[in-house]
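Asks: Please work out how this folds:
(2 chains)
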Amino acid sequence: MGRYWNEKIECMAREDMKRLQSERLVAQVKHVWDNVPYYRKLMEEKGVAPEDIKGLEDLHKLPFLTKADLRDAYPYGLLAKPLADCVRIQSTSGTTGRRVVAFYTQHDLDLWEDCCARAITAAGGTNEDVCQVCYGYGLFTGGPGLNGGSHKVGCLTLPMSSGNTERQIQFMRDLGSTILCCTPSYAAYIGETLHDMGYGPDDIKLKAGIFGAEPWTEEMRHEIERLLGIKAYDIYGLTETSGPGVSFECEEQTGMHINEDHFIAEIIDPDTGEVLPEGSKGELVFTSITKEAFPLLRYRTRDICVLTRKKCSCGRTLVKMSKPMGRSDDMLIIKGVNVFPSQIESVLLKMSNTTPNYQIVVDRVGSVDTFEIKVELSDEMFSDTIRSVEELEKKISSDIQGILGIRAKISLVEPKSIPRSEGKAVRVIDRRKLH
Amino acid sequence: MTVKQLSVFVENRPGRLSAVTGMLGNAGINIRAISIADTKDFGIMRIIVSDAEKAAAVLKENNCLVTVSSVIAVEIDDKPCGMAKVMDTLYKDNISVEYMYAAFLNVSESTACLILRTDSSERAVEALTEAGYRLLSEEEMKKI
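Replies: As a prediction, the model looks like this:
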C-alpha cells in the first residue's frame, strides 16, 4: 500500500477538485433545502434559493450556521434524513453549554472512517501496523473515528479507550503497537509514565502518533516525539462536521490537509462575515458536501487559522490549514484548560434564576496562571448571615472546579460594581502577555 | 414585638463604609444601632435606622444589596450581670443567639439597649417578656 489512502482525491488537480466540490455543493444545498426547514428559513431570510447556488463561486451567498443555531435546533432541527435512515449519534461533552448531537447514516460513517483512514495512511500506517486507539470511546468522536479508520486501513486495532496508563504501556509492549492515537496531552502523559516505569523509546515499537481534539504547541510535539521516539501528526475535526479527520497532517508537518472532497473550507472575517483571500488569518468555516444526515452548510468553527495552497512535498493537492491560532469567541486557555465563559455562566445560573454578572480575571505570576471570578451578588443570593454568603462562595468554587477541573478564586462583589461596556459587563480581563 | 433590621453587603475595600453611610445621612436617615461582621473579602453591615423602608429604598437605588429582617431590641440593665441575666433567660428556654450588638440609644441612664437575632424570634419575645424585660418598638427606633 502506498503513502496515500485515496491518491485520486488527495492529489487531484485543483480544477477537477473545484468541479467536484461545485457539483456536490449544488446537490447538498438542494438536499438541505428540501429536508431541513430550519436552514431553509435562514436561506429565505437571506433571499437565497437553491437555484442561486450554481457552484463554488456562489457559496458566499449562503447563510452561516453557528453553535447557537445548533443549540436552538437541538436535537432534531438540523437533521436531514429520517431517523430510520440514521444508525449512530455522536455528541460533544456539553461542557460549553448545551451539547451538540450529530447524526450519521451508514454512508456518513463510511465517509468519516475513510477520512480517518487517510490520516492514518499519511502517518505511515498500513495493514502491517498495530494501531492503539486511546481516545475516549462512546459519545466522543475520537475513539470511534480513529477506530473505524484503523479498521479500514487494516491495522490490527487495539480499542483501548483512555485511562489506566500502565496497562496501556503493557499492551503497547506486549502487542508491539506501532501507531498511537490519542489527545496530545495524554500522549505526553503516556511518555512520562513510560519513563517513570524505567522504559524508554527503545522498549516500544511505536513509530507514529496521531494526536488531536485539543490545542497543542510545537514544543509539545517535540517533547512527545522525544519521549516516545515517534513522529507526531496532528489531526483536526469537530463533532459538528463528523469528528476527527476533517483535516490531517502529512510527513511535512506544516499544517493539516483538509479533505476537500467532503468539506469546503473558507476563511472569513469573524466580525463582518466577509470571505477573506487565501493566506489571510480569520475564522474557519466548513460546508459539508457529502454528509447525508447532518449536513451543515457554512458552519462557523470559531477557530482562527490560515489556509494555504502552497505546493506540499507530500504530493497532496488538498488545501492545508494551520493549527488553530486562537478562537473568535471568548474561549480562554487557563492553566492549560479550555475555559468558556458560558461554562461559568452555567454554574452561576444554578445559584439564582438569572445569570449574575461576573468577570473573569486572568493573570500570570511567574509561570503560573492565576484565575479569579468576580461575581456580583444578587438579592436572591444574599442573605443576612456571613455563613450563608461563605457557603455560597464555597459552592460556586467547588462547582467551577467540578466543571473546569481547575480551581478559581471566587470573589463576591456588590451589584453593578463590575464595569459595564455599552450596558454589558466586561466578562474577561486577561492580563497575561501570551503573544 | 420586633424591629426591622437592614443587612447590607459591603465589599472589603476603602471607601465603601463611607459611601454607604453617606447615602443614609444624605437621605436624613439616622442610624440607631450598627454592627459589622467581616471576612477577608466582604462584610455585612447590620443597621437599625430611623426609617427602615426609606433606608432600604435609598440603598437599593444606589445599587446596594440589602435584606430586611426582624430582630429584637431589648432594654437591659446597664450594670454588672445585665447581659448575663438576659443570656441566661434565653439559654433556659433553649433559644440560641445567632448574633447581637448594642444600640446607640438608651431609654434611661441606667439601661442599655441590646439588638438580638435568635433562632426563634417568637419564642425569644415570649421568654423575654415573661422574664420582665421591656422590648422596644419600631416607633421608638424612629427617633432621629
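
Asks: Please name the nearest non-neighbouring residue to residue 58.
Replies: No chain was given, so I picked chain A. A:D52 (6.2 Å; CB to CB, 6 or more residues apart in numbering or on different chains). Where C-beta positions appear, they are placed from N, C-alpha and C, glycine not excepted.

Asks: that's the other chain; I wanted chain B
Replies: What sits nearest to B:V58 in space, not counting adjacent residues and going by CB to CB, 6+ apart, is B:A27, at 4.5 Å.

Asks: ok, that neighbour - how many residues close by?
Replies: Around B:A27 there are 16 other residues, counting by other CB atoms under 10 Å in any protein chain shown.

Asks: Where does pLDDT dip in the chain?
Replies: Assuming you mean chain A. Along chain A, segments meeting pLDDT under 70 span A:1-2, A:93-98, A:336, A:353-355, A:367, A:421-425, A:433-435.

Asks: that's the other chain; I wanted chain B
Replies: For chain B, applying pLDDT under 70 flags the ranges B:144.

Asks: Get me the contact residues on it for chain A.
Replies: Counting by CB under 8 Å from any CB of the partner chain, chain B comes close to chain A at B:5, B:7, B:9-11, B:16, B:37, B:39, B:41-42, B:44, B:46, B:63-65, B:67, B:69, B:98-99, B:117.

Asks: Return a ChimeraX selection command for the buried portion of the residues you listed.
Replies: To isolate the buried members of the residues of chain B next to chain A in ChimeraX, using 16 or more other CB atoms under 10 Å in any protein chain shown:
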select /B:5,7,9,10,11,16,37,41,42,44,46,64,65,67,99,117
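
Asks: Narrow the residues of chain B next to chain A to those in strands?
Replies: Among these, the residues falling in strands (DSSP state E) are B:5, B:7, B:9-11, B:37, B:42, B:44, B:46, B:67, B:69, B:98-99, B:117.

Asks: Break chain B down into its domains, please.
Replies: Listed domain ranges for chain B are B:3-69, B:70-141 (source: automatic domain parsing).

Asks: can you redo the ones you listed as a markdown table with distance to A:L377?
Replies: Putting those into a markdown table (distance: least, CB to CB, whole Å) gives the following:
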| stretch | distance to A:L377 |
| --- | --- |
| domain B:3-69 | 5 |
| domain B:70-141 | 20 |
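
Asks: where exactly do the helices run in chain B?
Replies: B:16-26, B:52-61, B:82-92, B:121-130, B:138-141 (DSSP state H).

Asks: so which of those helices comes closest to A:M381?
Replies: Closest to A:M381 of these is helix B:52-61 (CB to CB; 15.1 Å).

Asks: Please spell out which residues along the closest one are buried.
Replies: Neighbour counts using 16+ other CB under 10 Å place B:52, B:55-56, B:58-59 of helix B:52-61 among the buried residues.

Asks: Kindly report the same for stretch A:390-398.
Replies: Going by neighbour count (16+ other CB under 10 Å), the buried part of stretch A:390-398 is A:392-393, A:396-397.

Asks: Can you see whether that stretch contacts chain B, counting any residue in it?
Replies: Yes: using CB under 8 Å from any CB, we find that stretch A:390-398 touches chain B at A:E390.

Asks: before we move on, the earlier item: mind checking the domains of chain B for the one nearest to A:S242?
Replies: domain B:3-69 (47.2 Å).

Asks: Distance across that closest one, terminal residue to terminal residue?
Replies: In domain B:3-69, first residue to last residue: 8 Å (CA to CA, to the nearest Å).

Asks: Please apply the same query to stretch A:278-292.
Replies: End-to-end distance for stretch A:278-292: 29 Å, by CA to CA.

Asks: same question, stretch A:330-345
Replies: Termini of stretch A:330-345 sit 13 Å apart (CA to CA).

Asks: okay if I get the buried residues of helix B:52-61 as a markdown table plus distance to A:K291?
Replies: What follows is the buried residues of helix B:52-61, written out as a markdown table (distance: CB to CB, whole Å):
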| residue | distance to A:K291 |
| --- | --- |
| B:A52 | 64 |
| B:A55 | 63 |
| B:A56 | 59 |
| B:V58 | 61 |
| B:L59 | 58 |
